[in-house]
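no sequence for this one, just the structure:
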């Protein structure tokens, strides 16, 4: 499927404020990871072989690293040792690794080096789970999360999204465990007590998309290019939930062109996975909270699939242009949603997103589309702003030129920049060139959209047909009326979320009797959908509905997704003595189940 990505590689390179590598002088084109997973030491041990192209005369090859033990280096052309020195550590960006070349290298020359290294338990990219943190409770588990700048704590690399390389890997694990990666598996070798899994990624991609998971894993085929991986206890439920994945991929292809990555597999992580999903190529990582038993949360997969084009194939040049990854992906995800559920459904998703954006800009200093990240950890700037403000900008442009014209533009944009990187200026110039005969585009205030903080200055208009019913029903309950099951018959989960959001956000709390009547009518207490349960429990805690607290505690201990557990613990802790007691005792008896980041944050919240 790979066609000429390397031809599109630029021979000049933009600077990156979040990398200490010398990527403007020499740029990585291919690497091979040879690693052994040592669970007792919580370390990956081995070496990385790097192949790089010289862009400007240089006598060194500088890589990013953080919390790694760096060993010696070898010139793979001559097998001679190379001198390695470590630069001054930076609190956020880590320690630059200077590999001194045998002699000065000239443009177009190829550098090939091997660097021995080990990760440490402090490496932020890698989460080591004890058997107690897994579903099966028998075997340990490892997974990585490299976005935004954590790849440098998994292997020495030029950790900048503007650097795209192909990669291979050989991963040695205990014979009872399976390894999977963001690449295509090529072979497995048995070596007595251990196994070696080999992988190759033929499409050039950024370092933040390197991903590895190791555990007691099984898979089920759910489509011609998709298998679902997870622990054995949940693999069948996961396979059922994600059975429609191929429909999403095909719809994505209709909108954006061929899917170039070969496989699209899904890894359902253990319950302690603290996030929603991560678009690692060939292998999307997802939270088990998507398992609702009715496929109502699988549109999250449409978001991760859309990244196969917007983000993974066409990538933001630096993290300052992250909206080009996420704004486009939300736009594409909602396009897929519209194709499958109708245009009014697409607008309903946009309305829910607008609310999230309003919440995000309240207490956040990074609210312009292109934030300044010099000296900043990109994780600190993470919010719904690049996603939803980015989406709203693209939706506004669609409104100016027309839906059909903008769909054609999206396809041409991907064709133009695939296998490559893009920044906001390149996007703007390409858009203006494509619509030079369209008078309306002259009214776009690019400066304001790109650089003004806060909500978009233009109030984008959405079709409220599907949300009106939710708003009206919520108002009825707030006015003291009740209802019955017919009220929400035929509603999508999204409409229920709009209804519950309105009640959770209302000035006054509904009383316990009203909530009992609501549950009698709508059965929210029995919902399997985590988004609905989360909002229902928030509503109950707000009313001090103590009979529901055991169910809340159950929800808090069956999964560790921070989006749900942190707010619910905070709400319980503020809900009088009984609420605080449930929060503290639940956390104390289950804190080892949570991911270390989640555990640390909940402890702070409860303090």
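Sure, I can see it. Just so it is clear, the structure is predicted and the values come from calculations on it, not from any experiment.

Identify the residue spatially nearest to the residue nearest to the spatial centre of the chain, adjacent ones excluded.
Residue closest to the average C-alpha location in the chain (CA atoms, centre = their mean): residue 278, at 3.2 Å. Nearest in space to residue 278, with sequence neighbours left out and distances taken as CB to CB, 6 or more residues apart in numbering, is residue 285 at 4.3 Å. C-beta here means a position set from N, CA and C on the backbone, and glycine is covered the same way.

give me every residue that touches the one you found.
Contact analysis of residue 285 by CB atoms under 8 Å, 6 or more residues apart in numbering lists 143, 145, 211, 213, 267, 269, 273, 277-278.

Which of those residues fall in strands?
Using DSSP state E, the members of the contacts of residue 285 that fall in strands are 143, 213, 267, 277-278.

now the helices for the stretch 451-600 of the chain?
Here the stretch 451-600 of the chain has its helices, by DSSP state H, counting those that start in this stretch, at 465-478, 493-504, 512-522, 530-542, 549-558, 562-573, 576-590, 596-606.

where's the residue nearest to residue 278, which helix or strand?
Residue 285 is located in strand 283-286, with elements delineated by DSSP states H and E.

follow-up on the earlier one: test my guess that the residue nearest to the centre of the chain contacts residue 148.
No. The pair residue 278 and residue 148 does not pass the contact test of CB atoms under 8 Å, sitting 11.3 Å apart.

weakest of the helices of the stretch 451-600 of the chain by average pLDDT?
Among these, helix 596-606 has the lowest mean pLDDT, at a mean of 80.

That one - contacts with which helices or strands?
Helix 596-606 sits against helix 562-573, helix 576-590, with contacts defined as 3 or more CB pairs under 8 Å, 6 or more residues apart in numbering; DSSP states H and E.

Show residues contacting that helix.
The contact list for helix 596-606, computed with CB under 8 Å, 6+ apart, reads 127, 272, 274, 560, 562, 565-566, 569-570, 573, 583-584, 587, 591-592, 594.

Of those residues, grab the buried ones for PyMOL.
Buried residues among the contacts of helix 596-606 (16 or more other CB atoms under 10 Å), as a PyMOL selection:
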select buried, resi 127+272+274+560+562+565+566+569+573+583+587+594
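
re earlier: may I have the strands that pair with the strand holding residue 285, each with its orientation?
Here strand 283-286 is paired, per DSSP bridges, with strand 265-268 (parallel), strand 277-278 (antiparallel).

Nearest to residue 37, out of the helices of the stretch 451-600 of the chain?
Across those, residue 37 has its closest neighbour in helix 596-606 (18.1 Å, CB to CB).

For the stretch 151-300 of the chain, which segments count as helices?
235-241, 245-256, 299-306.

Redo those helices as a markdown table? Include mean pLDDT, mean neighbour count and distance to residue 382.
Listed next are these as a markdown table, based on pLDDT from 0 to 100; neighbours: other CB atoms under 10 Å; distance: least, CB to CB, whole Å:
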| stretch | mean pLDDT | mean neighbour count | distance to residue 382 |
| --- | --- | --- | --- |
| helix 235-241 | 96 | 19 | 27 |
| helix 245-256 | 97 | 19 | 24 |
| helix 299-306 | 91 | 23 | 15 |
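
what's the closest of those to residue 430?
With CB to CB, the closest approach to residue 430 among the helices of the stretch 151-300 of the chain belongs to helix 245-256: 15.4 Å.

Which strands or helices does the closest one pack on?
Looks like helix 245-256 contacts strand 218-223, strand 226-230, helix 299-306, helix 323-341, helix 403-417 (3+ CB pairs under 8 Å, 6+ apart).

From the rest of the structure, what touches it?
Outside of helix 245-256, the residues within contact range by CB under 8 Å, 6+ apart are 222-226, 259, 264, 266, 298, 301-302, 305-306, 308-310, 332, 335-336, 339-340, 407, 410-411, 414.

of the residues you listed, buried ones?
Here, 16+ other CB under 10 Å leaves 222-223, 225-226, 259, 264, 266, 298, 301-302, 305-306, 308-310, 332, 335-336, 339, 410, 414 buried among the contacts of helix 245-256.

Quantify the burial of residue 50 by counting its neighbouring residues.
By other CB atoms under 10 Å, 27 other residues sit near residue 50.

swap that for residue 147, sorry
Counted by other CB under 10 Å, the residues lying close to residue 147 total 25.

Which of the three states applies to it?
Counting by DSSP: H, G, I helix; E, B strand; the rest coil, the backbone at residue 147 sits in coil.

Where does the prediction get shaky in the protein?
Along the chain, segments meeting pLDDT under 70 span 1-12, 363, 596-597.

hmm, back to that, between the helices and strands packed on helix 245-256, which one is nearest to residue 456?
Minimum separation from residue 456 across the helices and strands packed on helix 245-256 (CB to CB) falls at helix 323-341, 11.4 Å.

Which strands or helices does that closest one pack on?
For helix 323-341, the packing partners by 3+ CB pairs under 8 Å, 6+ apart come out as helix 245-256, helix 299-306, strand 314-316, helix 343-362, helix 390-401, helix 403-417, helix 424-434.

what comes into contact with the third one?
Strand 314-316 is contacted by residues 161-162, 164, 205-206, 322-325, 328, 413-414, 417-418, 420-423 when judged by CB under 8 Å, 6+ apart.

With distance to residue 197 added, can I get the helices of the stretch 451-600 of the chain in TSV?
Shown next, in TSV, are the helices of the stretch 451-600 of the chain (distance: least, CB to CB, whole Å):
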stretch	distance to residue 197
helix 465-478	46
helix 493-504	37
helix 512-522	47
helix 530-542	32
helix 549-558	30
helix 562-573	30
helix 576-590	33
helix 596-606	26
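
So which of these is the most surrounded?
Across these, averaging neighbours per residue (mean count of other CB atoms under 10 Å) puts helix 530-542 on top, at a mean of 23.

and the angle from that one to helix 512-522?
160 degrees (axes from the mean of the first three to the mean of the last three CA atoms, to 10 degrees).

Touching helix 530-542 from outside, list them.
When contacts are defined by CB under 8 Å, 6+ apart, helix 530-542 is touched by residues 289-290, 292, 297, 493, 496-497, 500-501, 503-504, 509-510, 515, 524-525, 527, 548-549, 551-552, 555, 559, 561, 563-564, 567-568, 571-572, 575, 579.

That helix versus helix 576-590: what angle between them?
Going by the same axes, to 10 degrees, helix 530-542 is angled at 140 degrees with respect to helix 576-590.

tilt between helix 530-542 and helix 493-504?
In terms of direction (the same axes, to 10 degrees), helix 530-542 departs from helix 493-504 by 20 degrees.

hmm, back to that, and which of the ones in strands among the contacts of residue 285 is nearest to residue 469?
Out of these, the member with the shortest distance to residue 469 (by CB to CB) is residue 277, at 29.0 Å.

Return the residues in contact with that closest one.
Contacts for residue 277 (CB under 8 Å, 6+ apart) come out as 284-287, 290, 300-301, 303-304.

Grab the two from the contacts of residue 285 that are most spread out in space.
Greatest spacing in the contacts of residue 285, by CB to CB: 213 and 277 (13.5 Å).

if we can go back for a sec, what would the helices and strands packed on helix 596-606 look like in a markdown table with distance to residue 399?
Below are the helices and strands packed on helix 596-606 laid out as a markdown table (distance: least, CB to CB, whole Å):
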| stretch | distance to residue 399 |
| --- | --- |
| helix 562-573 | 31 |
| helix 576-590 | 46 |
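
Those: which one's closest to residue 17?
With CB to CB, the closest approach to residue 17 among the helices and strands packed on helix 596-606 belongs to helix 562-573: 27.1 Å.
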